[in-house]
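Engineer: Okay, here's the prediction I keep looking at, along with the sequence it came from:
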Amino acid sequence: MSLRDKIENREARIGVLGLGYVGLPLAAEFAGAGFTVLGFDISEHKVAQVNEGASYIGDVPTAELAEQVRSGRLSATTKFDRLAEMDAVSICVPTPLSKTKDPDMTYVEAATNEIARHMHKDLLVILESTTYPGTTEELILPLLSRSGLKVGEDFFLAFSPERVDPGNPVYHTKNTPKVVGGTTPQCTELASLLLSSAIEHIHPVTSTGAAEMVKLLENTFRSVNIGLVNEIAIMAEKLHLDVWEVIEAAATKPFGFMPFYPGPGLGGHCIPIDPLYLSWKLRTLNYKARFIELAAEVNTAMPDFVVDRVAYALNDVERSVKGSRVLVIGMAYKRDIDDVRESPALDVMRLLQARGADVHYHDPYVPELRPQGDAPGASSVELTDEELRAADCVVIATDHSCIDFERVIRESKLVFDTRNATKALGRHDHVVKL
């Protein structure tokens, strides 16, 4: 039976490498579409949880996962030799930056080498991990071609960037349009056929490079515009203007303007990191991506700006940062999720501690913070009236919808709001906004 027939008949066996924020939701969608799916991960803990039907990703309901596991459509393993059983494999592993801000392709290369060791005819490989333009054909293709199989004839290779937005109540993996580009037209066609079996709308492009660039354009667009509005916030503070009032008024224009909002910095895996993959690639071509690098400079400096503003606010009430008790509300990089990857709240907390503040945090989604580098671990405190009253300053770093900000204002001596979470509660003398 051909690969096309297996896909159309839902008989293709799907492997998903990496069971994180991208891989587990994708595996769940394929299983929900009727395929037999095997997830691969080096974490024995994740694999055990999947096989028990227990979801550790907020966007995948445990009840849904458990049903797919009970039905036999979804399981997980740490044994990569089972890649030999797969008809299609999606690579959903991390693509972090190195300490020098260069792309770290260690995970992608390791995953590809595992696939290469178990290559067989009619295998479809789709890279989902965000990366620089050229990765699929410059890194993945040569490793898979060592088998002697020919791409587009004996095996098929494509790139389809993830578009995961953790915690989004409207758009999830199934109903978010998905871009895909293959190494050959046949690769694009088969990858599109497979993805369209589980995802509502597929948008093919002419090459893997175009698909890789699409993802970086999306995230660079956000990074640059957030960098712009963060700098506007700095300008507004120097001009003694309310940046939130300015943005709200500008947003009344029905054309030619899209509102972006300032904050304590960028968080998550995508926006702080992905544009730097593009600027790195362009540096290899002797071109400086000036907008990307300037936006990164502004956004990276925002935690320092926030801490300076907190220091000024404390000074106005005759308190120094050193020795003050500061309560940071929210460690996740955005509301209503547990994801602390690259969260600016972590930097705000660290910078306050470096200035001598006694810093505590509350986040109902992040009960524990693991030690990172020189930073010790920490536990979330209860958001009691006593905790609020004990704080010399409360910093709102994440505007979780479950938090009663009216009570936060009422019980606190001083509030510094980086997210405009207190917008609907009117003006208060002891509330300072970014």
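Structural biologist: That came through fine.

Engineer: make it CA atoms for all contacts and neighbour counts henceforth
Structural biologist: OK.

Engineer: Now the closest residue to residue 12 other than its chain neighbours: which helix or strand?
Structural biologist: Distances taken as Cα to Cα, 6 or more residues apart in numbering place residue 6 nearest to residue 12, at 4.7 Å, with adjacent residues excluded. Take DSSP states H and E as the rule and residue 6 turns out to sit in helix 3-8.

Engineer: The stretch 201-350 of the chain: helices as residue ranges?
Structural biologist: Along the stretch 201-350 of the chain, the stretches classed as helices by DSSP state H, counting those that start in this stretch are 208-238, 243-250, 270-283, 290-300, 302-316, 344-354.

Engineer: okay, those in CSV with distance to residue 19, mean neighbour count and mean pLDDT next?
Structural biologist: As requested, those are exported to CSV (distance: least, Cα to Cα, whole Å; neighbours: other Cα atoms under 10 Å; pLDDT from 0 to 100):
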stretch, distance to residue 19, mean neighbour count, mean pLDDT
helix 208-238, 20, 20, 96
helix 243-250, 38, 15, 97
helix 270-283, 17, 21, 90
helix 290-300, 29, 18, 94
helix 302-316, 31, 19, 97
helix 344-354, 25, 22, 96
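
Engineer: Format those helices as JSON lines; extra columns: distance to residue 95.
Structural biologist: As requested, the helices of the stretch 201-350 of the chain are exported to JSON lines (distance: least, Cα to Cα, whole Å):
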{"stretch": "helix 208-238", "distance to residue 95": "13"}
{"stretch": "helix 243-250", "distance to residue 95": "34"}
{"stretch": "helix 270-283", "distance to residue 95": "9"}
{"stretch": "helix 290-300", "distance to residue 95": "18"}
{"stretch": "helix 302-316", "distance to residue 95": "24"}
{"stretch": "helix 344-354", "distance to residue 95": "19"}
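
Engineer: what's across from residue 155 in the sheet?
Structural biologist: Partner residues in beta bridges with residue 155, using DSSP bridges, are residue 123, residue 151.

Engineer: Isn't it up against residue 149?
Structural biologist: Yes - using Cα atoms under 8 Å, residue 155 and residue 149 qualify as a contacting pair, with a distance of 6.7 Å.

Engineer: show me the contacts for the closest residue to residue 247 other than its chain neighbours.
Structural biologist: In space, and not counting its chain neighbours, residue 247 is closest to residue 259: 6.6 Å by Cα to Cα, 6+ apart. If a contact means Cα atoms under 8 Å, 6 or more residues apart in numbering, then residue 259 has 247-248, 250-251 as its contacts.

Engineer: Can you give me the distance of residue 259 to residue 39?
Structural biologist: Distance, residue 259 to residue 39, by Cα to Cα, to the nearest Å: 39 Å.

Engineer: cool, residue 31 as well?
Structural biologist: Distance, residue 31 to residue 39, by Cα to Cα: 11 Å.

Engineer: same deal with residue 9?
Structural biologist: The gap separating residue 9 from residue 39 is 21 Å, by Cα to Cα.

Engineer: more neighbours, the two?
Structural biologist: Comparing residue 9 with residue 39 by other Cα atoms under 10 Å, the one with more neighbours is residue 39, at 28 against 11.

Engineer: which residues make contact with the helix or strand hosting that one from outside it?
Structural biologist: When secondary structure is defined by DSSP H and E, residue 39 falls within strand 36-40. Taking Cα under 8 Å, 6+ apart as the criterion, the residues outside strand 36-40 that touch it are 11-19, 24, 27, 30-31, 47, 72-80.

Engineer: Pretty sure residue 425 sits against residue 406.
Structural biologist: Yes - look at residue 425 against residue 406 with Cα under 8 Å: they come within range, at 6.8 Å.

Engineer: Validate this expectation: residue 126 resides in a strand.
Structural biologist: Yes - using DSSP: H, G, I helix; E, B strand; the rest coil, the assignment for residue 126 is a strand.

Engineer: Does it touch residue 155 like I think?
Structural biologist: No - shown here, residue 126 and residue 155 do not form a contact pair, counting by Cα under 8 Å, at 11.2 Å.

Engineer: list the helices and strands the least confident helix or strand in the chain by mean pLDDT packs on?
Structural biologist: Sorting the helices and strands of the chain by mean pLDDT, DSSP states H and E puts helix 270-283 at the bottom, at a mean of 90. Based on contacts counted as 3 or more Cα pairs under 8 Å, 6 or more residues apart in numbering; DSSP states H and E, the elements that helix 270-283 packs against are helix 208-238, helix 290-300.

Engineer: what number of residues lie near residue 69?
Structural biologist: Other residues near residue 69 come to 21 when the count uses other Cα under 10 Å.

Engineer: sec struct for it, please.
Structural biologist: On the basis of three-state DSSP, residue 69 is classed as helix.

Engineer: mind checking how far it is from residue 88?
Structural biologist: When distances are taken as Cα to Cα, residue 69 and residue 88 turn out to be 19 Å apart.

Engineer: Phi first, then psi, for the residue of the chain most remote from its centre.
Structural biologist: Among the C-alpha atoms of the chain, the one farthest from their average position, using Cα atoms, centre = their mean, is that of residue 318, at 39.5 Å. With angles defined as degrees, to the nearest 10, residue 318 shows backbone torsions of phi 60, psi 40.

Engineer: so what's residue 95 up against?
Structural biologist: Contact criterion Cα under 8 Å, 6+ apart gives 103-108, 129-131 as the residues in contact with residue 95.

Engineer: quick one on the thing from earlier: for residue 126 and residue 155, indicate the residue with more neighbours.
Structural biologist: Relative neighbour count places residue 126 above the other of residue 126 and residue 155, with 25 against 22, counting by other Cα under 10 Å.
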